[in-house]
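Asker: Predicted structure and sequence below. I'll ask about it afterward.
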Amino acid sequence: MQAEPVLLAGLIEACRATIAANSDHLCALDRAIGDGDHGTNMRRGCEAVSAEEAALAGLPLPDALEKIGLTLVMSIGGAAGPLYGTLLMAMGRELRTLDEERDFPSVLKQAIDAVACRGRSHAGDKTLLDVLYPVQDALAHSSPLTDIARQAELSAELTAAMKAMRGRASYLGDRSIGHVDPGASSCALLTTAICRYLMEYHQA
């Protein structure tokens with residue numbers, strides 16, 4: 001399964017651009033319940049992946065995803081690096097077993113479960129899982145890309161009503177309620193950027 005260079009490069013740039021444009025916003029969300037550096041860390045990670053674009057273009061898709069995941073682990077500080085890295089690396093591993101019996105939503109589900117295991121967290125804990133699981137469910141139901149993007153945005157917004165159960169935000173207890181989780185927000189931004197790029201790519 002070879003990564004299509006133009007498509008992969010476009011997706012990488014779409015993700016880099018949306019994080020760069022929203023870095024300050026993500027930091028502001030993180031200052032309310034965390035260290036205040038989520039936007040900076042995510043921007044550094046996306047720029048590191050972008051710098052590897054030429055090397056990634058020639059790799060089979062599973063290898064490219066694993067390399068992107070490793071780059072994120074090495075370049076993003078805090079909990080986000082291991083979580084996003086685990087997601088991409090697990091997707092790469094799972095894609096190697098993709099066959100007629102397993103579709104992409106099932107691959108994504110396994111990868112998200114790996115993130116949950118790595119973070120020892122569950123849906124409802126006020127993390128990026130609260131975006132990833134609804135997005136996976138929308139994919140499994142063959143929802144249009146516009147609906148998947150909207151589901152990601154809505155899911156991130158819904159974390160404001162949740163009490164943080166993991167990470168630094170959990171130290172705040174009930175005071176974490178009323179704030180959107182920065183990891184969920186970055187996940188929604190990336191999902192929306194990917195959906196929009198794929199729509200544009202297939203319309204071109």
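Answerer: Perfect, I can see it now. Residues are numbered from 1 along each chain as shown.
Asker: and the longest helix seen in the chain, average pLDDT?
Answerer: In the chain, with assignment by DSSP state H, the single longest helix is helix 5-33. Averaging pLDDT along helix 5-33 gives 95.
Asker: cool, and stretch 162-180?
Answerer: The predicted model gives stretch 162-180 an average pLDDT of 93.
Asker: The longest helix of the chain: what's the following helix or strand?
Answerer: helix 38-51 (DSSP states H and E).
Asker: Report the buried residues of that next one.
Answerer: Of the residues in helix 38-51, those scored as buried under the neighbour-count criterion (16 or more other CB atoms under 10 Å) are 38-46, 48-50. From N, CA and C alone the C-beta is placed, and that goes for glycine too.
Asker: Rebuild these as a markdown table, extending it with pLDDT.
Answerer: Below are these laid out as a markdown table (pLDDT from 0 to 100):
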| residue | pLDDT |
| --- | --- |
| H38 | 97 |
| G39 | 97 |
| T40 | 97 |
| N41 | 97 |
| M42 | 98 |
| R43 | 98 |
| R44 | 97 |
| G45 | 98 |
| C46 | 98 |
| A48 | 98 |
| V49 | 98 |
| S50 | 97 |
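Asker: right, and out of the residues you listed, which lies closest to H179?
Answerer: Nearest to H179 among the buried residues of helix 38-51 is H38, at 12.3 Å by CB to CB.
Asker: And the helices in the protein, which stretches?
Answerer: Counting by DSSP H, the chain has these helices, from start to end: 5-33, 38-51, 53-57, 61-75, 80-95, 104-119, 129-140, 145-158, 182-203.
Asker: so what secondary structure elements neighbour the third one?
Answerer: For helix 53-57, the helices and strands in contact under the criterion 3 or more CB pairs under 8 Å, 6 or more residues apart in numbering; DSSP states H and E are helix 5-33, helix 61-75.
Asker: Quick one: distance of it to the chain centre.
Answerer: Between the centre of helix 53-57 and the centre of its chain there are 20 Å (CA atoms, centre = their mean, to the nearest Å).
Asker: before we move on, what about the last one?
Answerer: A distance of 9 Å separates the centroid of the chain from that of helix 182-203, by CA atoms, centre = their mean.
Asker: Tell me which residues of it come out buried.
Answerer: For helix 182-203, the buried set under the neighbour-count rule, 16+ other CB under 10 Å, comprises 182-195, 197-198.
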